[in-house]
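Enquirer: The following comprises the amino acid sequence and a computationally predicted model.
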Amino acid sequence: MSRIHVPVTLRWSDIDAYGHVNNAEMLRLLEEVRIRAFWADESGDHAPDGQHHDASNDGHRTAVISGGPGAETITLIAGQQIEYLAPAPYVRKPLDVQLWIGRLGGASIEICYEVRSPISDGEQRVYARATTTLVLVDAASERPRRLTERERDAWSEYVEEPVKFRQR
């Protein structure tokens, strides 16, 4: 299986008085990564080249949900869990956030994450592990809708074991 790698540059405002990424800002970072990985922009274009790492190098894209005003699908968060493993300090190089799918359901997906130190730092340190369960909702009916074949095709190669939290 393959993971999606999304580089995220920290903002100075992400850091709290203790000198590391604030817990609320960590959730914002995960949101940013999730949108980059799975949402096409308003024009329907996929994420820019270099946005995702794809081990098969076949040009396969994961950004297949149309987002923004007027989109046919709304994504709602049904649940989130995060486990902090080490304080993430302010660094100028982008953090390497790795995503994969822990489960493809009928109308939901479980997105798994590892927030890591920059790739260029040699041996990477894992700062946090997290999951988000997203439900796909038809905007017109406001009811959950089933994943399409296109979505399953785009995401199936990224399915691997879900995050195993220490406290589960």
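Expert: Cool, got the structure. Quick caveat, the model's predicted, so the values are computed rather than measured.
Enquirer: pLDDT on stretch 29-42, on average?
Expert: For stretch 29-42, the mean per-residue pLDDT is 87.
Enquirer: do the same with stretch 85-92
Expert: 94.
Enquirer: now swap in stretch 143-160 and tell me
Expert: Here the mean pLDDT over stretch 143-160 is 94, rounded to a whole number.
Enquirer: Contacts for it, please.
Expert: Residues from elsewhere that reach stretch 143-160, judged by CB atoms under 8 Å, 6 or more residues apart in numbering: 1-4, 56, 60-62, 64-65, 73, 99-109, 112, 135-138. C-betas here are computed from N, CA, C, even on glycine.
Enquirer: Which helix runs longest in the protein?
Expert: Longest helix in the chain by number of residues, with DSSP state H as the criterion: helix 23-38.
Enquirer: by contact count, what packs against the very next helix or strand once past that one?
Expert: Under the assignment DSSP states H and E, the closest C-terminal helix or strand after helix 23-38 is strand 39-40. When contacts are defined as 3 or more CB pairs under 8 Å, 6 or more residues apart in numbering; DSSP states H and E, strand 39-40 packs onto strand 65-66.
Enquirer: mind listing what the residue positioned nearest the centre of the chain touches?
Expert: Relative to the mean C-alpha position of the chain, the nearest C-alpha, by CA atoms, centre = their mean, is the one of R34, at 3.1 Å. Shown here is R34, whose contacts under the criterion CB under 8 Å, 6+ apart are 99, 111, 132, 134.
Enquirer: Am I right that the third one is in a strand?
Expert: Right, T132. Yes. Residue assignment for T132, taken from DSSP: H, G, I helix; E, B strand; the rest coil, places it within a strand.
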